[in-house]
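Undergrad: Provide a 3D model corresponding to the input given below.
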Amino acid sequence: MRPGKPRKDRPKAKVREEKRTGGSKSARPGAGKKDREVARKPNFREERRDNRRPDRPEKRFDRKQSAQDAVAGKNSVVEALRAKIPAKELVVAIKVELDEKISEAIRLAKNSDLPIKELPRRAIDELTGNANHQGIALVIKPFNYSEFDQIIAKAKKPMMLIGLDGITDTHNLGAVVRSAAAFGADGVVIPERRNASMTGSAWKASAGAAARMPIAQVTNLVRSIEDAKKAGCFVIGLDAEGDAELSKMNLANESIYIIVGSEGKGLSRLVREKCDLVVSIAMQSTVESLNASVATAITMHWVATERSK
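TA: The predicted structure follows:
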């Protein structure tokens, strides 16, 4: 190509320059079409908000309440109210059918000056952990635990204390509390971790005994054993694989601290090592173990019988 001759493709440099700099948005085909469509698109959310009835304020559920303990279901709520379980409020679903049970629950709540709140079913689902609440639930107050040292200080002599090691079923806990009250125990001790606590279900299973029986929740069950020994207690571990049989023991007239392990795992290693003696209940069948609450009741009955002689 001879110098000085104009190039035919020189205008392409301008095109390349526009591509490099990005050019104008309006120069692109279809530019602004999406923006125009967005501008024309109606805001249905705004319309729904504007069309809402002003006389019906939006109801919101307090999610903090979902962490609270609650008794769910018509029969359970009525039984809890009859047992006078300490409660914060009665929760009823909006537009729930007022049958005989729900009407009775509302009447009992009013007689006890208990607040009654209406909530959407979704909110009651969250409150009860998606239990079959049937449109009604009773929010329970936090249990008022006793201090372990206070239980020892107020206990009669010889004392009888019950400790639970790994009992995770609330019905078992409630049944133990009920038996402890029936056979004259001075208190029940439960650890904070890996053990059931005094929920509404435990209250219900105790049949009201939880209101009379001192219950301590301790951070360390092993430490409570050490403190009980300092107070003069002989510590007995109750396990299916015990070193001796309960009926052959001559300890009823001493202050004792009975530790009960779970039906499946038994006593934990550290707790077992701290016990003065591990005993078992003799059985004449092929059953490997007893339910924890049943085994505890048998042991306390044996102690109460021996002390009455």
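Undergrad: tell me the pLDDT at the residue nearest the centre of the chain?
TA: Centroid check for the chain by CA atoms, centre = their mean gives Asp69 as the closest residue, at 6.2 Å. pLDDT, Asp69: 82.
Undergrad: that one: what's it in contact with?
TA: Asp69 sits next to 139-140, 142, 199-200 when contact means CB atoms under 8 Å, 6 or more residues apart in numbering. Any C-beta I mention is one placed from the backbone N, CA and C, and that applies to glycine too.
Undergrad: out of these, which sit inside strands?
TA: 139-140 (DSSP state E).
Undergrad: in the top helix by length along the chain, what's buried?
TA: In the chain, taking DSSP state H as the definition, the longest helix is helix 292-308. Of the residues in helix 292-308, 292-300, 302-303 count as buried by neighbour count, 16 or more other CB atoms under 10 Å.
Undergrad: next one: stretch 253-272
TA: 254-263, 266-268, 271-272.
Undergrad: same check, this time on stretch 129-144
TA: For stretch 129-144, using 16+ other CB under 10 Å, the buried residues are 133-140, 143.
Undergrad: out of the residues you listed, flag the one nearest to Gly174.
TA: Using CB to CB, Phe143 comes nearest to Gly174 of the buried residues of stretch 129-144, at 11.6 Å.
Undergrad: contacting residues around the closest one?
TA: By CB under 8 Å, 6+ apart, Phe143 lies in contact with 86, 197-199, 203, 210, 215.
Undergrad: please redo it, this time with the cut-off set to 10 Å
TA: Residues in contact with Phe143 (CB atoms under 10 Å, 6 or more residues apart in numbering) are 69, 86, 197-200, 202-203, 210, 215, 217.
Undergrad: per-residue pLDDT, it?
TA: For Phe143, the model assigns a pLDDT of 87.
Undergrad: can you check Lys14 too?
TA: Confidence score, pLDDT, at Lys14: 48.
Undergrad: ok, Ala207 next?
TA: Confidence score, pLDDT, at Ala207: 80.
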